[in-house]
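Engineer: next comes the sequence, and after it the predicted model I'd like to discuss.
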Amino acid sequence: MEDTIGGRITRARNAQGLTVAQLARRLGLRTTTLSHWENDRAEPRPNRLLMLAGVLAVSPTWLLTGQGTAPSEATDDTNARLLKQELSRLRDDAN
């Protein structure tokens, strides 16, 4: 699935340690819109693609074609960031 735009969006989102809801919020989208992109049911318009690439720290060309530098796989720093985000979410849910 990584060979589609949806798969690349998912891969880049995961590399940033973001949930679908977190990324959608950052982009000002509904989670269903982002889910449709990730599941190849729709594609982002050019202006959204540029915003998406910026937030995910990848090139728009890589998102569209897979050409260029892919996001790095999860590192210890990414794993630590994921844990912190999860703890923060749990704290928010508890309040």
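Structural biologist: In hand now; what should we look at? If you're wondering where the values come from, they're calculated on a predicted model, not measured in any experiment.
Engineer: use CA for all of it now, contacts and neighbours both
Structural biologist: Fine.
Engineer: span of stretch 14-29 from start to end?
Structural biologist: End-to-end distance for stretch 14-29, by CA to CA, to the nearest Å: 18 Å.
Engineer: report the buried residues of that stretch.
Structural biologist: Buried positions in stretch 14-29, judged by neighbour count with 16 or more other CA atoms under 10 Å: 14, 15, 16, 17, 18, 19, 20, 23, 24.
Engineer: what number of residues lie near residue 12?
Structural biologist: 23 (other CA atoms under 10 Å).
Engineer: give me the residue at the spatial middle of this protein.
Structural biologist: residue 13 (2.3 Å; CA atoms, centre = their mean).
Engineer: which element is the spatially closest residue to residue 60 that is not a sequence neighbour on?
Structural biologist: Distances taken as CA to CA, 6 or more residues apart in numbering place residue 53 nearest to residue 60, at 5.4 Å, with adjacent residues excluded. In the assignment (DSSP states H and E), residue 53 maps to helix 46-56.
Engineer: check which helix or strand covers residue 87.
Structural biologist: Assigned by DSSP H and E, residue 87 falls in helix 76-94.
Engineer: should've said residue 18
Structural biologist: Assigned by DSSP H and E, residue 18 belongs to no helix or strand.
Engineer: now it: how far from residue 66?
Structural biologist: Going from residue 18 to residue 66 by CA to CA gives 20 Å.
Engineer: related to what we said a few turns ago, surely the residue nearest to the centre of the chain meets residue 19?
Structural biologist: Yes - in this structure, residue 13 is within contact of residue 19 by CA atoms under 8 Å, at 7.2 Å.
Engineer: I'd say residue 60 and residue 50 touch.
Structural biologist: Yes - using CA under 8 Å, residue 60 makes contact with residue 50 at a distance of 6.1 Å.
Engineer: overlap in contacts of those two?
Structural biologist: Shared contacts of residue 60 and residue 50, defined by CA atoms under 8 Å, 6 or more residues apart in numbering, are absent.
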